[in-house]
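Q: I would like to see how this sequence folds:
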Amino acid sequence: MRTTGRILNEEINLAKAINADYKPTLTDISNIRKTFDETLGKSSKYIGDIPYYINPTFAGSKAVGGADANMIIGDTIWKIKSTAITKPLILDDILQQIGDILLDYNNFYSIKNISFYYTRQKSLITVPVSKLISDSNLLKLKRKSQQFTNNKE
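A: Coordinates of the predicted model:
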């Protein structure tokens with residue numbers, strides 16, 4: 001019985017120490033978490049009975065070392081970033097999203113949009129894939145990408 005009490009007290013003291021040392025980080029994480037409700041709650045597109053996948057992989061993922069996305073909700077692939085940079089959208093992020101779409105050889109996810117959610121800026125940017133690349137060119141690129149990775153194996 002004494003051992004259990006001592007262990008419990010040590011756990012409580014450890015929790016207090018962690019909370020004290022990491023309070024700014026825990027507050028930051030809590031604030032980031034709140035932004036999801038504030039930002040996504042404004043868009044009925046992301047509310048309801050829509051299929052979603054966390055860290056989804058693609059038919060061609062293994063060919064490039066195991067690529068996965070942050071998340072897919074409905075027909076939208078998401079990139080979620082928590083950066084302090086004021087204008088965080090960069091070309092590499094866009095290209096990575098397109099690369100992931102190209103790896104969806106069998107069109108399992110039927111991705112039509114790419115979204116970038118920047119938690120600290122409370123900013124959500126969604127762009128239809130068709131604004132970046134035509135459907136016919138996307139299909140051609142998927143085929144070429146699949147041929148290329150099949151030849152590598």
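Q: strands of this structure, start to end?
A: Under the criterion DSSP state E, the chain contains strands at 52-54, 71-73, 76-81, 113-118, 123-128.
Q: can I get the ones you listed in JSON lines with distance to residue 31?
A: Glycine gets a C-beta too; all of them are placed from N, C-alpha and C. Putting the strands of the chain into JSON lines (distance: least, CB to CB, whole Å) gives the following:
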{"stretch": "strand 52-54", "distance to residue 31": "21"}
{"stretch": "strand 71-73", "distance to residue 31": "20"}
{"stretch": "strand 76-81", "distance to residue 31": "15"}
{"stretch": "strand 113-118", "distance to residue 31": "13"}
{"stretch": "strand 123-128", "distance to residue 31": "15"}
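Q: show me the one of those strands that comes nearest residue 97.
A: When those are compared by CB to CB, strand 113-118 sits nearest residue 97, at 4.3 Å.
Q: just to revisit the earlier point, looking at the strands of the chain, which is nearest to residue 60?
A: Of all the strands of the chain, it is strand 76-81 that lies closest to residue 60, at 14.2 Å by CB to CB.
Q: re the thing from before, tabulate the strands of the chain in a markdown table, adding columns for mean pLDDT, mean neighbour count and distance to residue 65.
A: Below are the strands of the chain laid out as a markdown table (pLDDT from 0 to 100; neighbours: other CB atoms under 10 Å; distance: least, CB to CB, whole Å):
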| stretch | mean pLDDT | mean neighbour count | distance to residue 65 |
| --- | --- | --- | --- |
| strand 52-54 | 80 | 13 | 19 |
| strand 71-73 | 87 | 19 | 20 |
| strand 76-81 | 90 | 20 | 18 |
| strand 113-118 | 91 | 21 | 21 |
| strand 123-128 | 89 | 15 | 26 |
